[in-house]
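J.: Fold the following and give me the result.
(2 chains)
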Amino acid sequence: MRMSRLLVRTLREAPSDAEVASHRLLVRGAYVRRLASGVYTYLPLGLRLVRQIERVVREELDAAGAQEVLLPALHPIELWQQSGRAALVGDALPAFQVRGRGGDFLLGPTHEEVATATVAAEVDSYKQLPLTIYQIQTKFRDEARPRFGLLRTREFIMADAYSFDIGKAQMAESYVAMYEAYVRIFARLGLDAVPVEAEAGAMGGDVNHEFMLPSVVGEDHFVSCGSCGYAANVEAAVAGAGATGGGGVNGEAGANVEAGANGEAGANGEAGANAGVVTHSTPGRPGIDAVVAYFRDQSLVPGLDATGMLKCIALVDPDGAAVVVLVPGDREVRVPAGWRPFDDDDFASHPGLVRGYIGPMGLKGAGVRVVADHSVARRPGPWVTGANRADHHVSGVQAGRDFSVDEWGSWAAVAAGDPCPRCGGPLDLVRAVEAGHTFQLGLTYSSKIEGAKALDAEGNETPYWMGCYGIGLSRLVAVVAEACHDDKGLIWPGVVAPFQVHLIALAPSGGDPTVTGAAERLYGDLAAAGVSVLLDDRDVSAGVKFADADLLGMPLQVIVGHRGLGRGVVETKQRATGERAEVALDAAAEVAVAAVSQL
RNA sequence: CGGGAAGUAGCGCAGUUUGGUUAGCGCGCAGCGUUCGGGACGCUGAGGUCGCGGGUUCAAAUCCCGCCUUCCCGACCA
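T.: Below is the predicted model of the structure:
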């Protein structure tokens, strides 16, 4: 491709709405342009990039036995009503009515329903299984907040696959095959993906893994154990039982117990029902920090800090029952999938729970289940916590004496340093981008979509055992760019580079037949050798060409100019290392081909 | 959806506080000339409903009200 004809207007300055490096450089390099928030156009270079990533994905999925299809992006809403996910439609998903004969449709955010219905119409026998289909499609999600250029968008390109099997064991085999394909895909793209255990969320199903790419722009966090290799999304991670919190933290809590007890002995607050429990007026101070500051200012409980507070969070479990979760004040509550925090209506129907002043006492009688993190058991108290009364907190509260816990578990969000649930070693917390997700769905969809079943060898009808798998391709563009750039521009790895060679012809305006002739010949030779070449034949100054070449980031630059040509040589430059070399003009094509083959 | 910031030429910005000729600057774009290996230089030129709508005023980019859009933090995230 000749740059003089390519739609590539590079920008010296990035638009002010581009914050992160990948976004700035992809826009400056004319790879993409924003049309609306979270909606991007791929210009020719950007599309070539996507195609390169697609090529790797296709090769690996094909090698794993998956078959490519193209499912509709437009889904009849009836299909989503069958699967039971229609509740998501309208609110969270873009839906609309089609005129004429009418009907309600949505723009597919994911394709479990359509994929299942598609196979249901074709497969009736175990002899047709196992089957894995995949597609590369544009997906639509009504993201509340698109972010960071291509990293989180409303419309994005995804490679999604669906496996169908006759039994659970076979499903697991298909899953492993796809999981391994994913590992190979990320490896070939030069990405250091970490498969982590994850929650299934609204997808349903059981076993699933997220492929996480550690990155400073990541929106997710996962924990990993350097000792045993355990890795899990923080949403799904649980710390080792019995030992949540470091020894030091427990030690501090112990000190607080003594200090708190002594302080109360001399305090003359209103005595609670139980000896040692003191109620304090804390007007307008919901939340741990505000209460700690108030108690410190008023010298109510000497030495109190967040670790001496008992944090009580009201949740609604998947059955709709109210549950209060207890964790130490310095920890966050882990909200499991399917659970949700109390909303205004919930508080209204549970007058015993006062927002901002929730405490664990007396909840049993109110029909509210109380669960607590293991770490609460390890810190005996007394605690400072909410009084279940507006603008009041209590101190001197003891577990067992003043309140009881229905169930102990891992309810605190995992933090760095927590013990690994498998081996007890300290966990690391890593910021990362979720680049892929694989699920064992089981019968979640096949049990609901009409006809999604097959006869097994014994003639019994059984729903398909399914898996689903997704990789965000457009997100990968952002991730690779984020990982591969310097202050001058992008630095594409060979496998994804839109062009392998950036051939720069440094001819003065009006042309220098020697230079243009040599460049044209090289261009032809490289193309003939199967190398993709971007020829900068524009009538612009050398500085512009060098700067653009560095910005666009093709792995190998070949510079043809009169200076070298006078001695019969051209120059090569590795974009990644900056390493330059001179090669004889006659050998240049051969050298470039060899260099490219090693990318 | 909550909090914050911002919308002036394709991009980056000044001007708005204190209303007052014809709304500027850099880059980019077009033409001519010079230059020619790390974002060259000179001259000429094109390009703007100052986000949109309403209001105040003799007069609005500037003040007031409403709306839209975009970005950042958070919530959400199939």
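
J.: which non-adjacent residue is nearest residue A:148?
T.: residue A:20 (4.9 Å; Cβ to Cβ, 6 or more residues apart in numbering). Every C-beta, even on glycine, is put in place using the N, C-alpha and C of the backbone.

J.: same question, residue A:38
T.: Residue A:38 sits nearest to residue A:146 (Cβ to Cβ, 6+ apart), 2.7 Å away.

J.: Just confirm that neighbour contacts residue A:153, I think it does.
T.: Yes. Counting by Cβ atoms under 8 Å, residue A:146 does reach residue A:153; the two are 5.4 Å apart.

J.: Now do the shared contacts for these two.
T.: residue A:38 (Cβ atoms under 8 Å, 6 or more residues apart in numbering).

J.: When the two are compared, which one has more neighbours?
T.: For residue A:146 and residue A:153, the more surrounded residue by other Cβ atoms under 10 Å is residue A:153, and the numbers stand at 25 against 20.

J.: wait, the more buried one sits on residue A:142?
T.: No. In this structure residue A:153 lies outside contact range of residue A:142 using Cβ under 8 Å: 11.3 Å.

J.: The residue nearest to residue A:148 and RNA strand B: what is the separation?
T.: Residue A:20 sits 7 Å away from RNA strand B, going by Cβ to the nearest atom of the strand, to the nearest Å.

J.: Got the phi and psi for that residue?
T.: Phi and psi for residue A:20, reported as degrees, to the nearest 10, are phi -90, psi 160.

J.: ok, it - contacts?
T.: Counted by Cβ under 8 Å, 6+ apart, residue A:20 has contacts A:148-149, A:151, A:217, A:482.

J.: quick check, nearest of the residues you listed to RNA strand B?
T.: residue A:148 (5.0 Å; Cβ to the nearest atom of the strand).

J.: give me every residue that touches the residue positioned nearest the centre of chain A.
T.: For chain A, residue A:434 is the residue whose C-alpha lies nearest the centre (Cα atoms, centre = their mean; 2.6 Å). Listed by Cβ under 8 Å, 6+ apart, the contact set of residue A:434 reads A:210-212, A:219-220, A:472.

J.: Just the buried ones among those residues, please.
T.: A:210-212, A:220, A:472 (16 or more other Cβ atoms under 10 Å).

J.: Give me the subset of these that also touch RNA strand B.
T.: residue A:220 (Cβ under 7 Å from any atom of the strand).

J.: near RNA strand B, anything from the helix or strand hosting residue A:60?
T.: Following DSSP states H and E, one finds residue A:60 within helix A:44-63. No. Contact of helix A:44-63 with RNA strand B is not found when judged by Cβ under 7 Å from any atom of the strand; the minimum separation is 14.4 Å.

J.: who's in contact with that helix?
T.: A:1, A:6-8, A:26, A:29-32, A:42, A:68, A:134, A:136, A:157, A:159, A:161, A:178, A:181-182, A:184-185, A:188-189, A:471, A:473-474, A:476-477, A:480, A:492, A:495-499, A:552.

J.: ok, 7 Å please
T.: A:6-8, A:26, A:29-32, A:42, A:68, A:134, A:136, A:157, A:159, A:161, A:181, A:184-185, A:188-189, A:471, A:473-474, A:476-477, A:495-498, A:552 (Cβ atoms under 7 Å, 6 or more residues apart in numbering).

J.: And the residue of the stretch 401-550 of chain A closest to RNA strand B?
T.: residue A:543 (2.6 Å).

J.: got the CA coordinates for the strand or helix carrying that residue in PDB?
T.: Under the criterion of DSSP H and E, residue A:543 resides in helix A:542-552. Taking Å, rounded to 0.1, in the frame of the first residue of the first chain, the C-alpha atoms of helix A:542-552 are listed here in PDB:
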ATOM      1  CA  ALA A 542      12.000  13.400   5.800                       C
ATOM      2  CA  GLY A 543      11.200  14.400   9.400                       C
ATOM      3  CA  VAL A 544       7.500  13.800   8.800                       C
ATOM      4  CA  LYS A 545       8.100  10.400   7.300                       C
ATOM      5  CA  PHE A 546      10.300   9.300  10.200                       C
ATOM      6  CA  ALA A 547       7.900  10.600  12.800                       C
ATOM      7  CA  ASP A 548       4.900   8.900  11.100                       C
ATOM      8  CA  ALA A 549       6.800   5.700  10.700                       C
ATOM      9  CA  ASP A 550       7.500   5.700  14.500                       C
ATOM     10  CA  LEU A 551       4.000   6.600  15.300                       C
ATOM     11  CA  LEU A 552       2.400   4.000  13.100                       C
END
